[in-house]
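**Student:** How does the following fold in three dimensions:
(one chain, ligands or ions: 2)
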Amino acid sequence: CALGDATLWCRDPAQADSLQHQRENAAKLPGVPLPDGVKVTSDLAQVNAETVLLAIPMQQTRPFLEAHGECFLERRLIACSKGIDLDLMIGPVGVIRSVLPSAHVALLTGPSFADDIARGLPTALTLACDEAELGMELQEQLSTPNLRLYRNSDVIGAELGGALKNVIAIAAGVTIGAGLGESARAALMARGYAEMQRLALSLGAQPDTLAGLSGLGDLILTCGSEKSRNFRYGMALGQGAAFDSTTTVEGAATARAVAKLAKSRSLDMPVTRMVAALVEGLITLPEALAALLARPLTDE
Ligand SMILES: NC(=O)c1ccc[n+]([C@@H]2O[C@H](COP(=O)([O-])OP(=O)(O)OC[C@H]3O[C@@H](n4cnc5c(N)ncnc54)[C@H](O)[C@@H]3O)[C@@H](O)[C@H]2O)c1
Ligand SMILES: O=P(O)(O)OC[C@H](O)CO
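**Tutor:** Ligands and ions are numbered 1, 2, ... in the order given. Just a heads-up that it's a prediction; the model follows:
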């Protein structure tokens, strides 16, 4: 198919109709026209493409596939979400495989605001796939002159990089929101990255994957920009301000999942533990800060 030929499915028929005719999502992507080759529908039966990108918030992915999985048999499914399912304690590729065991699955992840990609700004992402030939085909199919995909066969590492960076981004946002300073943010990013590695390596990820686009690359983007919802949510927590509960903040549920995973594996992840407790309202910010600063002095 030609570049841009695609079917965009959305669950709300009124929104699908509006997008198909207005050719713009004025609420989320004002000023970005939908390419002519994109057809919008709310009817899943109209989604006939061999390659399907699933861009649904992490905690909704399993229920969605359980309800509609039969529409995706014999397809190539690319997970685009970042997080850990709170019930299964696994990432999006694992969730897809748990519902559709015979699916051919890949993961698209890395530093990217949807808005930047939609505007055609240069972006580099990780295409993680453990089927070598499929990985090469998808890399060719999805790369564009401005969107450069790097292949990686370490799916678990790429999943964990994308999930864990959101938790650290909340912590970074809290730091800035509470006025604790940019030095404190840098410290949290570095110590948070150490936590990301600790958990990911214990689950079989490769260190190079964590150091790449899907881990460190996305950590830098998400901890450093107010365009990030995770960062803004953290800022609101740090300021004691309200935050729109309809906004997708993947790091909130992921922090709870990771805190449980770390406990079950006896891994020390203090930043993640504090984010999970803050998100659940179990501690105050001064208590979290005091607990982090009172930790015994140790080797780096
Ligand atoms: N927005 C970004 O810049 C960006 C970049 C990279 C990765 N991601 C990841 O993509 C995933 C989705 O994020 P987003 O920004 O698109 O979120 P979003 O909240 O903006 O959009 C999610 C879409 O999924 C739909 N949806 C929600 N629940 C559904 C369900 N049960 N069934 C069907 N559709 C449902 C919503 O209606 C909405 O259209 C997240 O895991 C996020 O981390 C987002
Ligand atoms: O807005 P966020 O915090 O969900 O971040 C979006 C992307 O994951 C950044 O790579």
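
**Student:** Quick check: mean pLDDT of the biggest helix by length in the chain?
**Tutor:** For the chain, the helix with the greatest residue count under DSSP state H is helix 155-177. Computed over helix 155-177, the mean pLDDT rounds to 98.

**Student:** mind saving the C-alpha coords of it as CSV?
**Tutor:** Written as CSV, here are the backbone C-alpha positions of helix 155-177 (Å, rounded to 0.1, in the frame of the first residue of the first chain):
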residue,chain,number,x,y,z
VAL,A,155,11.3,-7.5,23.5
ILE,A,156,11.2,-7.7,27.3
GLY,A,157,13.9,-5.1,27.6
ALA,A,158,12.1,-2.7,25.3
GLU,A,159,8.8,-3.3,27.1
LEU,A,160,10.3,-2.6,30.5
GLY,A,161,12.2,0.5,29.3
GLY,A,162,9.0,2.1,28.1
ALA,A,163,7.0,1.1,31.2
LEU,A,164,9.5,2.0,33.8
LYS,A,165,10.5,5.4,32.5
ASN,A,166,7.0,6.6,33.1
VAL,A,167,7.3,5.9,36.8
ILE,A,168,10.5,7.9,37.0
ALA,A,169,9.0,10.7,35.0
ILE,A,170,6.3,11.1,37.7
ALA,A,171,9.1,11.3,40.3
ALA,A,172,10.9,13.9,38.1
GLY,A,173,7.6,15.9,37.8
VAL,A,174,7.1,15.8,41.6
THR,A,175,10.6,17.2,42.1
ILE,A,176,10.0,20.1,39.8
GLY,A,177,6.4,20.7,41.0
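
**Student:** residues contacting Leu289?
**Tutor:** The neighbours of Leu289, taking Cβ atoms under 8 Å, 6 or more residues apart in numbering as the test, are Ala178, Leu180. All C-beta atoms are positioned from the backbone trio N, CA, C, and that covers glycine.

**Student:** and if you look at Leu108?
**Tutor:** Leu108 neighbours (Cβ under 8 Å, 6+ apart): Leu53, Ile78, Ala79, Cys80, Leu125, Thr126, Leu127, Ala128, Leu142, Leu149.

**Student:** Need the phi and psi values for the third one.
**Tutor:** When quoted as degrees, to the nearest 10, the phi and psi of Ala79 stand at phi -80, psi 130.

**Student:** gap between it and ligand 2?
**Tutor:** 13 Å (Cβ to the nearest ligand atom, to the nearest Å).

**Student:** One more: the fifth one?
**Tutor:** Leu125 is 9 Å from ligand 2, where distance means Cβ to the nearest ligand atom.
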